[in-house]
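Q: Make a model of this:
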Amino acid sequence: MHPQLRPAIVAFLVLTVLTGLGYPLLVAALAWAAFPDQAGGSLLRKDGRVVGSLLVEQVFNDPGDFWGRPSATAGADGKPLPCNAANSGGANLCPGSPELARLVAERAAALRAAHPGQEPIPVDLVTASGSGLDPHISPAAAAYQVYRVAKARGLDQARVQALVEQCTERPQLRLLGESRVNVLRLNLALDSLQGR
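A: Numbers count the residues shown, from 1 in each chain. Here you go, the predicted model:
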């Protein structure tokens, strides 16, 4: 056996155990100890059962719910499958793409039908996010939907708008990111407001 082969194999095995097992287990243990909710997937529970994650969009189509961003994810067959976390990714359509223009026009027409007389339509309601799973919309997109949601649920419009403002997440340290609204959290708050 070559004299350098044995130390190389030993070093390989030791480093594999340290960096492939030891380090990931240490980081996971520290994460669970310091940030148990985030390490567990930022799961939301209602009545003791998991209803979703704050990190992954869910599909809401009911007029009494706030709607999230369109999802560009697809199933294994390539057909659109909204919020398919197994196939996360954007549409990769360039701004000048005729396909993107067609999709935006279809989405805008559907929103105009659900929100007659309301213009302009916030851009995040007609364009998919980079991951296709973004659980947030802008405060403007939430405000755009307040009238429809309040009417469908039989609630006062000012009360629904106040709930949107209450559920709006501000930029971290007032600098990082933009204000945003988590759609799942907002819809769960609406359900709690009505005792659903």
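
Q: can you tell me which residues contact the residue most central in space within the chain?
A: By Cα atoms, centre = their mean, the chain has its centre lying nearest to Pro135, at 1.9 Å. Shown in contact with Pro135 (Cβ atoms under 8 Å, 6 or more residues apart in numbering): 53-58, 68, 182-184. Placement of C-beta: from N, CA and C, glycine included.

Q: one more time with 10 Å, if that's ok
A: 42, 52-58, 68-69, 83, 129, 180-185 (Cβ atoms under 10 Å, 6 or more residues apart in numbering).

Q: Look up how far Gly22 lies from it.
A: Distance of Pro135 to Gly22, computed by Cβ to Cβ, to the nearest Å: 33 Å.

Q: Okay, buried residues for stretch 188-196 please.
A: Within stretch 188-196, the residues scored as buried using 16 or more other Cβ atoms under 10 Å are 188, 190.

Q: Just give me how far it sits from the chain centre.
A: Centroid separation between stretch 188-196 and its chain, computed with Cα atoms, centre = their mean, to the nearest Å, is 20 Å.

Q: What of stretch 162-182?
A: Distance, centroid of stretch 162-182 to centroid of chain: 14 Å (Cα atoms, centre = their mean).

Q: And for stretch 134-154?
A: Centroid separation between stretch 134-154 and its chain, computed with Cα atoms, centre = their mean, is 16 Å.

Q: quick check: mean pLDDT across stretch 178-186?
A: Averaging pLDDT along stretch 178-186 gives 94.

Q: Convert the C-alpha atoms of it to CSV, please.
A: C-alpha atoms of stretch 178-186 as CSV (Å, rounded to 0.1, in the frame of the first residue of the first chain):
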residue,chain,number,x,y,z
GLU,A,178,-40.6,45.9,2.9
SER,A,179,-43.8,45.8,4.8
ARG,A,180,-45.8,42.6,4.0
VAL,A,181,-48.8,40.7,5.0
ASN,A,182,-48.8,36.9,5.6
VAL,A,183,-51.9,35.7,3.9
LEU,A,184,-52.4,32.5,6.0
ARG,A,185,-52.0,34.5,9.2
LEU,A,186,-54.5,37.1,8.0
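
Q: So which bits of it are buried?
A: Quick answer for stretch 178-186 (16+ other Cβ under 10 Å): 180-186.

Q: So which elements touch the longest helix seen in the chain?
A: Scanning the chain for the helix with the most residues, using DSSP state H, yields helix 98-114. Counting contacts by 3 or more Cβ pairs under 10 Å, 6 or more residues apart in numbering; DSSP states H and E, helix 98-114 is packed against helix 139-153.
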